[in-house]
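1. Sequence first, predicted model second:
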Amino acid sequence: MDWSSSGPPPPHALSVSAVVSFVRELLDSNDILADLWVQGEISNYTRSGLGHRYFSLKDERSILRTVLFRDEMPGMELAEGDRVIAHGHVGIYVQRGELQFVADWVQPEGVGILAAKYAQLKQKLEAEGLFSPARKRPLPRFPRRIGVVTSPNAAALQDIKNVLSRRWPLATLILAPALVQGAQAPPQIVKALRRLGKEPGLDLAIVARGGGSIEDLWAFNDERVARAIYGFPVPVVSGIGHETDETIADLVADLRAPTPSAAAERSSPDLQQLERAMAVLLRTMASAARGCIATEASQVEGVAARLQRGAPNIADQRRELARIVLAMQASLERRCTTDRARFENGAARIATLDPMATLGRGFAIVQQASGKRAVINSSRKVKSGHRLAISVADGAFWAEVS
Amino acid sequence: MADQTFEELYAALEEKARRLEQGNLGLEESLKLYSDGAAIVDALRVILEAAELQVKTLQGRLEADVGGLREVEGEYQFDED
């Protein structure tokens, strides 16, 4: 037998490329290898000229060559010896026929696998726009049919019922029951949402569950649940866990409430507030109507006033009369005062001419003591030794001229 | 008013209030708007007084997709997937 001849290859021999391609296809089509988390230690870390990072993830027995491309996790600092959790897919690097783990997310091991998964999914969905504020739909003001996805046997449903009964009993609550914890929860929640989405006349939906650990709430971090909420035909309000819990479902929802009760509150108007609002509206309308009446009334009054001005006014005329009387009295008063003044003036002057008044001032009347008692008004009328009668104000006496 | 929803009635009330506040209305029209508004408020109060929360539960398998509602008492039994 001639082993050295080079004839055609035996029929069952494959080319190298074919074999490698085949293995690659096997790996690519495997669900687990297409999407997995790997935990290990970084070794042989290098960074290529283009910025891609190459390292081995290793444990005690094996290594897995890993590449983290430049555009993935650009700010991430990695170092030899770091213990990490990484997400990605496993494939074959065809040119070298090597097993390769293509990572898209790397996180220090200490963070915990759940937190790492959460961060990774959050970033992915955010990049797709599922959390975009622009797409958050406004809630209807008076929702008549409210869907609820939650466990039928837990407190969250009862809380929601209580809140709606108190605030907005007009509503019809449509429950789409689902498990809210465990591996079966995400498909059930998705199914419940799908059923609810087909309900005619639905105004909004509440997705709710009570408080719990991150593991308990994990169903609401499921990608399938997130996409079902995003695609729901009417607004979705989330009320999951307690105030400080944040889930992917909360981020996708049109409105996020801290608890199931709060979700019911934010979804509904309040009876008492409505009553107050109606009372205010009615009061405003009443005062506006009164304003119209007042305007009309003042117009009527204006016309009446014009009519009145044309007619004689008794009161006015009486006033006029009184005014005239007062004027006459005043004028009379003034005249009397003037006359009295004149009279008194005259009387005063007369008084000064009165001889008695003159005597009062110290003058005396000198007369002959005998005969006709002629008044002596000149010194020539007397001689020495003449006897005189002197009259003063209060009497008289004889005097002899010396 | 009997067949109008709460939402429709409330919207009508707000519309009447808006027109009254704008002013420039005759006396008769203002009085009519006000009394209509008062009648709506009465009707709304009647609706609110009488209201009671209704709760219905979706039942049945997804495939059947009946979309019907039934009152469900007691523990809910989940479908086997």
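-> In hand now; what should we look at?
2. just to confirm, which helix or strand has the residue lying closest to B:Gly26 once chain neighbours are set aside in it?
-> Leaving aside its chain neighbours, B:Gly26 sits nearest to A:Cys292 (7.6 Å; criterion: Cβ to Cβ, 6 or more residues apart in numbering or on different chains). In this view, the C-beta of every residue, glycine as well, is placed from N, C-alpha and C. Using DSSP states H and E, A:Cys292 sits in helix A:271-310.
3. Same question for that helix: list its buried residues.
-> A:271, A:274, A:278, A:281-282, A:285, A:288-289, A:292 (16 or more other Cβ atoms under 10 Å in any protein chain shown).
4. Buried residues, the longest helix that chain B contains. List them.
-> The single longest helix within chain B, with elements called by DSSP state H, is helix B:27-50. Across helix B:27-50, burial judged by 16+ other Cβ under 10 Å covers B:30, B:33-34, B:37, B:40-41, B:43-44, B:47-48.
5. which bits of the stretch 251-400 of chain A sit near chain B?
-> A:271, A:274-275, A:278-279, A:281-282, A:284-286, A:288-289, A:291-293, A:296 (Cβ under 8 Å from any Cβ of the partner chain).
6. now do 6 Å
-> A:278, A:281-282, A:285, A:288-289, A:292, A:296 (Cβ under 6 Å from any Cβ of the partner chain).
7. for chain A, what spans make up the helices?
-> Counting by DSSP H, the helices of chain A are A:16-28, A:31-34, A:113-128, A:155-167, A:185-197, A:223-230, A:248-252, A:260-267, A:271-310, A:314-353, A:355-360.
8. Give me the subset of the buried residues of helix B:27-50 that also touch chain A.
-> B:30, B:34, B:37, B:41.
9. Include pLDDT when you put the residues you listed into a markdown table, please.
-> As requested, these are exported to a markdown table (pLDDT from 0 to 100):
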| residue | pLDDT |
| --- | --- |
| B:Ser30 | 88 |
| B:Tyr34 | 92 |
| B:Gly37 | 93 |
| B:Val41 | 94 |
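10. From those residues, pick the one nearest A:Glu72.
-> B:Val41 (61.8 Å; Cβ to Cβ).
11. so how far is A:Met285 from the nearest residue to the closest one once chain neighbours are set aside?
-> Nearest residue to B:Val41, sequence neighbours excluded (Cβ to Cβ, 6+ apart): A:Met278, at 5.0 Å. Applying Cβ to Cβ, to the nearest Å, the value for A:Met278 to A:Met285 is 11 Å.
12. Contact residues of the stretch 51-200 of chain A facing chain B?
-> Counting by Cβ under 6 Å from any Cβ, the residues of the stretch 51-200 of chain A near chain B are A:142, A:152, A:164-165, A:169-170, A:172-177, A:191, A:195, A:198.
13. Could you list the low-confidence segments of the chain?
-> In the absence of a named chain, this looks at chain A. Scanning chain A for pLDDT under 70 picks out A:1-6, A:9, A:310-312.
14. should've been chain B
-> Along chain B, segments meeting pLDDT under 70 span B:1-3, B:60-81.
15. Write out the residues of it neighbouring chain A.
-> B:6-7, B:17, B:20-21, B:25, B:27, B:30-31, B:34, B:37, B:41, B:51-58, B:62, B:67, B:76.
16. Please repeat the previous calculation with a cut-off of 7 Å.
-> For chain B, the residues in contact with chain A (Cβ under 7 Å from any Cβ of the partner chain) are B:6-7, B:10, B:13, B:16-17, B:20-21, B:25, B:27, B:30-31, B:33-34, B:37-38, B:41, B:44, B:47-48, B:51-58, B:62, B:67, B:69, B:75-76, B:78, B:81.
17. For chain B, what's its nearest residue on the stretch 1-150 of chain A.
-> A:Phe142 (4.4 Å; Cβ to the nearest Cβ).
18. Could you check how far that residue is from A:Gly49?
-> Counting by Cβ to Cβ - A:Phe142 and A:Gly49 are separated by 63 Å.
19. Kindly report the same for A:Leu332.
-> 129 Å.
20. just A:Ser287 next, same as before
-> Counting by Cβ to Cβ, the gap from A:Ser287 to A:Gly49 is 79 Å.
21. Over to B:Lys56?
-> For B:Lys56, the distance to A:Gly49 equals 65 Å [Cβ to Cβ].
22. May I have the distance across stretch A:195-213, first residue to last?
-> 28 Å (Cα to Cα, to the nearest Å).
23. buried sites along that stretch?
-> Under 16+ other Cβ under 10 Å, the buried positions of stretch A:195-213 are A:195-197, A:199, A:202-211.
24. Kindly indicate which of those residues lies nearest A:Asn313.
-> A:Asp203 (70.4 Å).
25. With adjacent residues omitted, what lies nearest to the closest one?
-> Using Cβ to Cβ, 6+ apart, the closest residue to A:Asp203 is A:Pro143 (3.6 Å).
26. can you pull the contacts of that neighbour?
-> By Cβ atoms under 7 Å, 6 or more residues apart in numbering or on different chains, A:Pro143 lies in contact with A:171, A:203-204, A:267-268.
27. packing partners for the longest helix of chain B?
-> helix A:271-310, helix B:6-22 (3 or more Cβ pairs under 7 Å, 6 or more residues apart in numbering or on different chains; DSSP states H and E).
28. which strands and helices sit next to the last one?
-> The reference is to helix B:6-22. Under the contact definition 3+ Cβ pairs under 7 Å, 6+ apart, helix B:6-22 sits against helix A:271-310, helix B:27-50.
29. Could you check the angle that helix makes with helix B:27-50?
-> 150 degrees (axes from the mean of the first three to the mean of the last three Cα atoms, to 10 degrees).
30. May I see the buried residues of helix B:6-22?
-> B:6, B:9-10, B:12-13, B:16-17, B:19-20.
31. what's stretch A:239-250 in contact with?
-> A:121-122, A:125, A:206-209, A:211-212, A:217, A:220-221, A:225-226, A:229, A:238, A:256-260, A:262-263.
32. Kindly recompute the last result at 6 Å.
-> A:208-209, A:211, A:217, A:220-221, A:225-226, A:229, A:238, A:256-260, A:262-263 (Cβ atoms under 6 Å, 6 or more residues apart in numbering or on different chains).
33. same check, this time on stretch A:202-214
-> Against stretch A:202-214 from outside (Cβ under 6 Å, 6+ apart): A:114, A:139-140, A:143-150, A:154-156, A:180, A:196, A:234-242, A:260, A:263, A:267.
34. Kindly report the same for stretch B:23-33.
-> A:289, A:292, A:296, B:16, B:20.
35. Contacts only, for the third one.
-> Pointing back at A:Glu296 there. B:Leu27.
36. Tell me the spacing between A:Gln299 and B:Tyr34.
-> 20 Å.
37. what's the answer for A:Arg224, then?
-> Counting by Cβ to Cβ, the gap from A:Arg224 to B:Tyr34 is 55 Å.
38. Narrow the residues of the stretch 51-200 of chain A next to chain B to those that are buried.
-> Of those, these count as buried by 16+ other Cβ under 10 Å: A:142, A:152, A:164-165, A:169-170, A:172-177, A:191, A:195.
39. could those go into TSV alongside distance to A:Ala305?
-> Formatted as TSV, these follow (distance: Cβ to Cβ, whole Å):
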residue	distance to A:Ala305
A:Phe142	51
A:Pro152	76
A:Leu164	60
A:Ser165	61
A:Pro169	57
A:Leu170	54
A:Thr172	62
A:Leu173	64
A:Ile174	67
A:Leu175	71
A:Ala176	73
A:Pro177	76
A:Lys191	80
A:Arg195	75
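40. surely A:Glu80 meets A:Tyr45?
-> Yes: between A:Glu80 and A:Tyr45 there is a contact at 5.1 Å, judged by Cβ atoms under 6 Å.
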